[in-house]
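> Following is a predicted model, sequence given first.
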Amino acid sequence: MYDVIVIGSGPGGYTAAIRAAQLGGKTALVEKDEVGGACLNRGCIPTKALIESVEAWESLKTLPSFGVTVPPGASIDAAKIYERKDRIVKRLTTGVAGLVKSNKIDLLRGTGTLTGKTTVEISDSGGAKNTIEAEKIIIASGAVSALPPIPGAKEPGVITSNEALALKAVPKSIAIIGGGVIGVELATVFSGLGAKVTILEMLDEILPLIDGEIITALKRILKARGIDIFVSAGVKLIETVGSGKKVHYETGGAKGAVEAELVIIATGRKAYTDGLGLEAAGVKTDRGRVLADERQRTSAAGIYAIGDVSSNIQLAHVAMAEGVVAAENALGHSAVMDYSAVPSCIYTNPEIAGVGITEKAARDRGLDVSVGKFPLAANGRAMTMGETAGFVKIIADKKGGRLLGASLLGPHATELIAELTLALRLKATVDDLKAVIHPHPTLSEAIFEAAHDALGECIHLPARK
């Protein structure tokens with residue numbers, strides 16, 4: 001008899017299991033695949049490993065401007081890039097398994113199915129079954145790629161992001177269906193590795209939740225790198241033409257087509273609930289997603305749900321936070337999830353990061369806001385790095401100056417966003433931000449300057465007229 005059973009060992013699942021064990025609970029972690037889930041094995045980490053290789057390659061092009069001569073013969077070895085990615089993933093999965101073991105958590109291999117409110121049946125790859133019992137159960141089964149009903153989408157030569165991260169050679173041309181985070185990051189990777197990339201997005205803009213000014217700037221950068229972007233483009237058919245594919249789409253009533261060696265479908269992910277036995281345990285769902293409250297409780301007493309299987313925000317760091325909340329509540333504590341300051345990060349080049357609400361969202365709510373912006377072209381550290389594309393943008397309440405949101409485009413934006421996330425979490429104002437002495441010369445000074453700009457007091461920009 002366990003105190004807690006966790007189904008799924010992704011970021012949320014293994015975090016929940018470790019936290020439950022820290023609190024003294026006898027804990028079992030059920031996993032049918034590799035520990036670490038999609039994020040570690042087929043998402044966050046693999047894509048970032050590939051992107052770092054791409055950025056290392058692209059940096060060679062800028063070395064002459066730094067006074068460094070690049071010897072002839074430099075080249076990309078895609079196989080070695082993927083091997084490096086695999087080594088990193090293996091090291092991390094081994095590390096997570098070690099953490100699980102060190103916390104005396106029973107790692108049980110197989111598919112977990114709820115057979116009641118306190119019981120889980122585990123079926124291993126050989127067909128053997130075993131039933132375990134616990135006072136509390138945490139569902140952390142994650143999500144899988146969502147395939148749209150496009151004719152030809154299941155034919156050879158059409159893959160998802162999972163298979164894209166396992167390629168050993170780079171195609172000459174790729175059509176990516178979906179201009180969300182996954183699609184745009186993959187476009188960054190494969191364009192950098194030499195493929196001709198086309199993005200087809202059904203909505204009227206790529207990355208629809210990101211600040212509009214950042215998207216405008218990013219699209220300009222991507223197009224300069226040879227990436228074609230079609231928005232409001234509904235894909236109607238994927239046709240096999242010779243050894244490649246032809247993607248037919250419609251936009252604004254007009255028909256178009258893109259030919260490519262490979263098609264990647266990156267239209268998002270959906271909650272993975274197949275075979276979970278939710279009905280047997282009385283766990284309610286809504287359009288395939290498990291319903292959970294701010295304490296991660298489902299409709300069934302004693303059963304919690306976290307991460308992509310239940311959350312509206314499908315991010316690894318959100319799943320981890322929810323995992324802590326669920327584990328603490330399962331062990332008798334009273335924890336509540338706070339979604340007021342959730343950072344989002346997109347690993348394009350340059351990077352994108354944001355927290356809180358965008359300027360458009362604020363104005364759509366009828367809020368009276370102040371906007372502060374500072375371009376990296378005026379930041380000394382960015383100049384020394386040779387990476388001046390991008391800016392920091394801060395949205396604040398005009399009356400009290402309280403920070404409402406921030407959006408960043410530029411090098412290391414995904415690191416810089418942590419300061420603004422903390423500021424938002426602590427209900428800081430632009431006066432608080434401008435009072436913080438930022439080290440010089442650093443990229444973080446752009447945050448300091450944007451806070452000043454929101455007040456009309458920016459030091460390193462020409463005076464406003």
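On my side now, so go ahead.
> Could you check how far the closest residue to residue 129 other than its chain neighbours is from residue 13?
Ranked by Cβ to Cβ, 6 or more residues apart in numbering and with sequence neighbours excluded, the top spatial neighbour of residue 129 is residue 123, at 5.1 Å. Placement of C-beta: from N, CA and C, glycine included. Here the distance between residue 123 and residue 13 works out to 18 Å (Cβ to Cβ, to the nearest Å).
> mind checking which helix or strand residue 188 is in?
Using DSSP states H and E, residue 188 sits in helix 181-192.
> ugh, typo on my part, it should be residue 28
strand 27-31.
> Need the per-residue pLDDT for the residue nearest to residue 129.
The score at residue 123 is 96. That number is its pLDDT.
> Please look at it and residue 113 and confirm they touch.
Yes. With contact taken as Cβ atoms under 8 Å, residue 123 and residue 113 are classed as touching, separated by 7.0 Å.
> Please identify which of these two sits among more neighbours.
Set side by side, residue 123 and residue 113 show more neighbours around residue 113, with 20 against 15, by other Cβ atoms under 10 Å.
> For that one, list the residues it contacts.
120, 121, 122, 123, 275, 276, 277 (Cβ atoms under 8 Å, 6 or more residues apart in numbering).
> Kindly recompute the last result at 6 Å.
By Cβ atoms under 6 Å, 6 or more residues apart in numbering, residue 113 lies in contact with 121, 275, 277.
> Apart from its neighbours in sequence, what residue is nearest the second one?
This points to residue 275. With Cβ to Cβ, 6+ apart as the measure, residue 113 is the residue that lies nearest to residue 275, at 5.7 Å, once sequence neighbours are left out.
> Show me what that neighbour is bridged to.
According to DSSP bridges, the partner residues bridging residue 113 are residue 121.
> Would you mind giving me the confidence score for residue 73?
In the prediction, the pLDDT value recorded for residue 73 is 87.
> how close does it get to residue 57?
Looking at residue 73 against residue 57, where the rule is Cβ to Cβ, the gap reads 14 Å.
> do residue 74 as well
Going from residue 74 to residue 57 by Cβ to Cβ gives 8 Å.
> and what of residue 382?
Taking Cβ to Cβ as the measure, residue 382 falls 21 Å from residue 57.
> same deal with residue 207?
Between residue 207 and residue 57 the distance is 24 Å, computed by Cβ to Cβ.
> Compare these two and say which is more crowded by neighbours.
residue 207 (23 against 16).
> ok, now which ones touch the more buried one?
Contact partners of residue 207, counting by Cβ under 6 Å, 6+ apart, are residue 215.
> For it, give its distance to residue 183.
9 Å.
> OK, contacts around residue 198?
Contacts for residue 198 (Cβ under 6 Å, 6+ apart) come out as 175, 228, 258.
> In space, what's closest to it - neighbours in sequence excluded?
residue 228 (4.4 Å).
> Relative to residue 282, how far out is that neighbour?
When distance is defined by Cβ to Cβ, residue 228 is 49 Å away from residue 282.
> Equivalent analysis for residue 243, please.
Distance, residue 243 to residue 282, by Cβ to Cβ: 51 Å.
> And these two? Which one has more around it.
Taking residue 243 and residue 282 together and counting by other Cβ under 10 Å, residue 282 has the greater number of neighbours (14 against 7).
> Now that that one has come up, it's in contact with residue 301, right?
No. Applying Cβ atoms under 6 Å, one finds residue 282 not in contact with residue 301, separated by 8.6 Å.
> Pretty sure residue 355 sits in a strand.
Yes. If the criterion is DSSP: H, G, I helix; E, B strand; the rest coil, then residue 355 is within a strand.
> so it bridges to which residues?
Bridge pairing for residue 355 - DSSP bridges - gives residue 406.
> what sits against it?
Remark: with contacts taken as Cβ under 6 Å, 6+ apart, residue 355 is in contact with 341, 343, 406, 417, 420, 421, 424.
> ok, now with 10 Å
Residues counted as contacts of residue 355 (Cβ atoms under 10 Å, 6 or more residues apart in numbering) are 340-345, 403-408, 417-425.
> And residue 165, by the same measure?
In this structure, residue 165 makes contact with 41-43, 45-47, 49-50, 82, 85-86, 89, 159, 186, 189, judged by Cβ under 10 Å, 6+ apart.
> Over to residue 415?
For residue 415, the contact set (Cβ under 10 Å, 6+ apart) comprises 345, 351, 353, 408, 443, 444.
> Show me which of the residues you listed is closest to residue 454.
Of all the contacts of residue 415, the one sitting nearest residue 454 is residue 408; the distance, using Cβ to Cβ, is 14.5 Å.
> Give the intersection of the neighbour lists for residue 207 and residue 183.
Between them, residue 207 and residue 183 share the neighbouring residues residue 201, with contact defined by Cβ under 10 Å, 6+ apart.
> Got the domain ranges for the protein?
Taking automatic domain parsing as the criterion, the chain consists of the domains 2-144+270-330, 158-267, 344-454.
> give me the number of residues near residue 339?
Other residues lying near residue 339 total 12 when counted by other Cβ under 10 Å.
> how far out from the middle of the chain is stretch 176-195?
Using Cα atoms, centre = their mean, to the nearest Å, we find the averaged C-alpha position of stretch 176-195 to lie 14 Å away from the chain's own average C-alpha position.
> do stretch 216-223 as well
In this view, stretch 216-223 has its centroid 20 Å away from the chain centroid, taken as Cα atoms, centre = their mean.
> for it, which positions count as buried?
Residues of stretch 216-223 classed as buried by neighbour count (16 or more other Cβ atoms under 10 Å): 217, 218, 219, 221, 222.
> between these, which is nearest residue 436?
Comparing those against residue 436 with Cβ to Cβ picks out residue 217 as the nearest, at 26.1 Å.
> So the closest one belongs to a strand, correct?
No. Assigned with three-state DSSP, residue 217 falls outside any strand and is helix.
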